[in-house]
Structures are given as structure tokens and as C-alpha cells.
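Engineer: the following block contains a protein sequence and its predicted model.
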Amino acid sequence: MVENLKVSNLSERELVLAAQKGDIAAFKQLYEVYRDSTYNLIFHLLGNAALSEDVLQTVFIKAFQALPSFRFEAKFVSWLYRIAINECHTQQRRQAAYVPLETILGTGKELETSTQDFYHLQGQKQEIIQNALLELSPNLREVVVLKYLDGFSYEEISVVLQCSTGTVASRLNRALTQLEKYLQPLKKFLLER
Amino acid sequence: MQCWRIDLQRKLPFYLHKELSLAQSIKLETHLLDCNFCRAKLAKLQSAQALSQQLFKVTPKNDPWQAIEDAIIKQSTERLVTQPKNYFFLKPNFRTAIWFIAGVILTSFLFTSLIFVTKTPANNEKEERFTDADFSADNFRVVSINEMPNNTEPHIVTEGYVSEIRAEEDGDAIFKLVERLGENQNQPFIVCEIIDPIKVNMPKIGSKVKVYGVSRYDGKSNHNWYEVHPVLNIELVEH
């Protein structure tokens, strides 16, 4: 308990340094800080909750293994997201040759969600936006998620994706243009509160 | 109408996301005042941005930390079992140096051994036995048995008759050297001690010998006599 309190008072740099030496408690602190944002990134890139949880687990295991090679040249979160995006690419390649049974037979939960109108409406909106996002190519999806979910600057996105800020702007331009095209018919419904 | 200011169109996402400098923003805004095409494009981007901002945040239903921790611990344990520790002496450079030093030592040892093997056994024996060929009598001062109390030289050669021989419990052998045989027991004598590993043949009782060795006085309470200890060589004078 004392150890945990001690760890919680450390800065991110100190936590990373401790985790690099094998301190699992310090790594857990980092995990708790970045778990949700990393999960969001993975979920919006893959569009599958169960798979995203598995990937989240793999990402943090790989991050711990690769931690000794982290040299503080970028923010820890940028480095972590890089691992997450690479892992998503791996999953996307695997998924390319695999059609889940649920997409053919349905999950059986379709009726359950329709019982509560408000949540159903919210769920529908989310589903529409998520589906539109999944229509984008993976590299366009990545910039949208990093920009609008994480609020990253162009510079930060360029570090995570290892490309120029010009490329980031170009991808965002294409992504937004395509999203606008997909969502145009539902814009009124989607934007009303 | 199509706008051909591609350079400014490329700035639209930067402008949308407030990534332009003030000067660049002013320049673009001035262009937007006159360009319907770019204004329409910006409006589309703003509309898509409003939709993108509705991206919802999700949280994992199950916290996978336990599985992560288990995997980390398992991998760390496996690494400890399967990989040797990173001791400095296991590093490749150090290992190479160790092999090099071991090689040099081994070569030196073999070379030295070879030199020793090529030496004749007789030479080895000379070193140990102080035999005639190797023995230089010039290094020893001639001292008679009577003169022993006045002698100050460590290396002496003395002459006399062997009157008595005795084997010590520790394996050494001693003999008594006197001026003349058959005289009374109170005549001067020297005790000569042959010790291992100096291999000297014990003379027979009654023989007259020259004894080379180190002179010393044995002051033990029941001794109090002069000795040649150790005996380095014996020359037979008379049987």
C-alpha cells in the first residue's frame, strides 16, 4: 500500500524509468493512465469490442517488453500509440481473410437495444458514426481518432504516425471530406442533441 | 467556380484545426472572402468535424490488467530461466579476452615444459644432489673439527672419521665426525645431518670423509654441539 502511494506520487518520466527496471507497480500506474485512451484508439480502429480488449492486453504486454528501448525521444503516449497502431495493423491484416460468424448470423442483441428509445437513439448515432469511420481506410481512420478523440496536434500525430505534418493535414482533409460525404444524408439527425 | 489556389486549399485543414500562424490565417481569410469554392470546402470540413467530434468514448468491459500482469511475470520468469544473467564476464568481449589470456598462459606453459624436458636427467640430478661435477669446493672454507668454535663462515668443508650413525624419527640421518677413531668420548666432534631432499649417500662407520655443508651451532639444552647441517656433499677419503 505504501509502495502504491509512493508510485502514485511519481511523475510519468519516473514511472517509465521505474517500469524500465522491471517495476510492475509503476507500469500498472502507466497502464491506468493510458488504458482507456489506448482502448478507444484500438476500438475505433478495429470496430470490435472483444477483439479490442485482446489487442489492448497485447499492446501493454508488448509495451512492457519494449520499454527498455524507450529513450524519451517522444512522449510515452506517442510511443505507446505507435505500438497500438502497429498491433491494429496486424489485426487488420488477419481480419482481411476472416469474416466473423456474427456478421452473418447477427449477435442476437439487436432486439435488446431497441427496448430503450433514448439509449437506442444514442446507440444508433454512435453506430452510424462508427460505421462511417470504419468506411475510411486505416490510415485516414488513425488521424481522425488521434485528432478528435485524443485532441492531438498535427505535430503529435506526425510523431505517432511517423509522417510529416503536411501528410497529417492531407489525410485529415481526405478523411473529413469522405466522412462528410458518408454522413451528409444523416447530418441533421446526427447533429441534433 | 473552381479555385486554382491549391496552395491555399491545402491550408484549409490547418486553418480548421488552428494550426496556422496569424499571418497565414489572415492571408487565408482574405482569400475566403472572395472564394466561394474554398468557403464551401471549408464548410464541408467544418460539418464533418462537427460529426467527428461526436465520436464516442468507450471503456473496456473487462479490465485486462490481471492477464497483462500474469503474462509479464511469466515472461520475466522464463527469461530468467532460459537466459544467462548479463554478468560482465559473460559479455562477448570479455570472453574473447579470457580465451586470449588462457591461450597465452597455455602456450607459455607448454614452451617452458618443452625446455625442461629437453634438459638431461643428469642435469636435474646435479641441481638436487650437488654432485662432483657441479660442486665447487672453492666456495667452502676448510675448517678442522677443532677449529669449529672459532669459525664464522657459513659454508665449510671439514674432514674426519665417521664414528657413529643414527637415523632420526623424521627420516633424516645423522653421523658423528671425529678427528681420530678409538680416542676417548670427550674428544671434539661435529654432528653432520643429511636431510631430505638433498640426496647424499651415508658414509660407513670408520670411513674417513670430507663433509661439505652449512655450519651451525645446535644450542638445545641436551645438544650444545657444532653441526654441518645440511650436508651438501661427502667425499670419501679412506674406507
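Structural biologist: Yes, it's here.

Engineer: list the buried residues in the helix ranked longest in chain B.
Structural biologist: Counting by DSSP state H, the longest helix found in chain B is helix B:92-118. Going by neighbour count (16 or more other CB atoms under 10 Å in any protein chain shown), nothing in helix B:92-118 comes out as buried. Any C-beta I mention is one placed from the backbone N, CA and C, and that applies to glycine too.

Engineer: mean confidence score for that helix?
Structural biologist: For helix B:92-118, the mean pLDDT works out to 84.

Engineer: need the residues that contact stretch A:158-168.
Structural biologist: Contacts of stretch A:158-168 from elsewhere in the structure, counted by CB atoms under 8 Å, 6 or more residues apart in numbering or on different chains, are A:74-75, A:78, A:81-82, A:85, A:139, A:142-143, A:146, A:152, A:154-155, A:157, B:10, B:19.

Engineer: just the buried residues of these.
Structural biologist: A:74, A:78, A:81-82, A:85, A:142-143, A:146, A:152, A:154, A:157, B:19.

Engineer: which of these fall within helices?
Structural biologist: A:78, A:81-82, A:85, A:142-143, A:146, A:154, A:157.

Engineer: what's downstream of the lowest-mean-pLDDT helix or strand in chain B, the next helix or strand?
Structural biologist: Across the helices and strands of chain B, mean pLDDT, DSSP states H and E gives its lowest value to helix B:121-129, namely a mean of 49. Note on helix B:121-129: by DSSP states H and E, the next helix or strand toward the C-terminus is strand B:141-142.

Engineer: residues in contact with that following strand?
Structural biologist: Contacts to strand B:141-142, defined as CB under 8 Å, 6+ apart, come from residues B:151, B:153, B:155-158.

Engineer: between those residues, which sits nearest chain A?
Structural biologist: B:His155 (70.7 Å; CB to the nearest CB).

Engineer: can I get the contacts of strand B:141-142 in CSV including secondary structure, pLDDT and distance to chain A?
Structural biologist: Putting the contacts of strand B:141-142 into CSV (DSSP: H, G, I helix; E, B strand; the rest coil; pLDDT from 0 to 100; distance: CB to the nearest CB, whole Å) gives the following:
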residue, secondary structure, pLDDT, distance to chain A
B:Asn151, coil, 86, 77
B:Glu153, coil, 85, 74
B:His155, strand, 89, 71
B:Ile156, strand, 91, 75
B:Val157, strand, 91, 78
B:Thr158, strand, 92, 80
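
Engineer: can you redo these as TSV with neighbour count and distance to A:Ser11?
Structural biologist: Compiled in TSV, the contacts of strand B:141-142 are given as follows (neighbours: other CB atoms under 10 Å in any protein chain shown; distance: CB to CB, whole Å):
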residue	neighbour count	distance to A:Ser11
B:Asn151	15	88
B:Glu153	11	85
B:His155	14	82
B:Ile156	21	87
B:Val157	19	90
B:Thr158	26	92
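
Engineer: leaving out chain neighbours, which residue sits closest to B:Glu19?
Structural biologist: The shortest distance from B:Glu19 to any non-neighbouring residue, by CB to CB, 6 or more residues apart in numbering or on different chains, is to A:Tyr154 (5.2 Å).

Engineer: of the contacts of strand B:141-142, closest to B:Cys38?
Structural biologist: Closest to B:Cys38 out of the contacts of strand B:141-142 is B:His155 (117.3 Å), distances taken as CB to CB.

Engineer: quick one: the closest one from B:Ile115, how far?
Structural biologist: From B:His155 over to B:Ile115 the distance is 30 Å, taken as CB to CB, to the nearest Å.

Engineer: okay, which residue is most central for chain A?
Structural biologist: A:Leu41 (0.5 Å; CA atoms, centre = their mean).

Engineer: widest-spaced pair of the contacts of stretch A:158-168?
Structural biologist: Pairwise over the contacts of stretch A:158-168, using CB to CB, the maximum falls at A:Lys75 and B:Arg10, 27.0 Å.

Engineer: quick one: secondary structure of A:Leu56?
Structural biologist: helix (DSSP: H, G, I helix; E, B strand; the rest coil).

Engineer: so where does the residue nearest to it when sequence neighbours are not counted fall, helix or strand?
Structural biologist: Spatial nearest neighbour of A:Leu56, chain neighbours left out: A:Tyr39 (5.0 Å); criterion: CB to CB, 6+ apart. Using DSSP H and E, A:Tyr39 sits within helix A:24-46.

Engineer: mind checking the SS state of B:Gly213?
Structural biologist: strand.

Engineer: low-confidence ranges, chain B, go.
Structural biologist: B:79-92, B:118-135 (pLDDT under 70).

Engineer: tell me if A:Thr177 really is in a helix.
Structural biologist: Yes - counting by three-state DSSP, A:Thr177 is located in a helix.

Engineer: can you pull the contacts of it?
Structural biologist: Applying CB under 8 Å, 6+ apart, the residues contacting A:Thr177 are B:44-45, B:48.

Engineer: top of those by number of neighbours, please.
Structural biologist: Within these, most neighbours by other CB atoms under 10 Å in any protein chain shown means B:Ala48, with 26 neighbours.

Engineer: surely that residue touches A:Gln184?
Structural biologist: No - between B:Ala48 and A:Gln184 there is no contact under CB atoms under 8 Å: 9.2 Å.

Engineer: if we can go back for a sec, narrow the contacts of A:Thr177 to those in strands?
Structural biologist: Of the contacts of A:Thr177, none are assigned to strands by DSSP state E.

Engineer: got these as JSON lines, with distance to chain A columns?
Structural biologist: Shown next, in JSON lines, are the contacts of A:Thr177 (distance: CB to the nearest CB, whole Å):
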{"residue": "B:Lys44", "distance to chain A": "5"}
{"residue": "B:Leu45", "distance to chain A": "5"}
{"residue": "B:Ala48", "distance to chain A": "4"}
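
Engineer: what segments of chain B are helices?
Structural biologist: Going by DSSP H, chain B shows helices at B:6-9, B:12-16, B:22-34, B:36-52, B:65-82, B:92-118, B:121-129.
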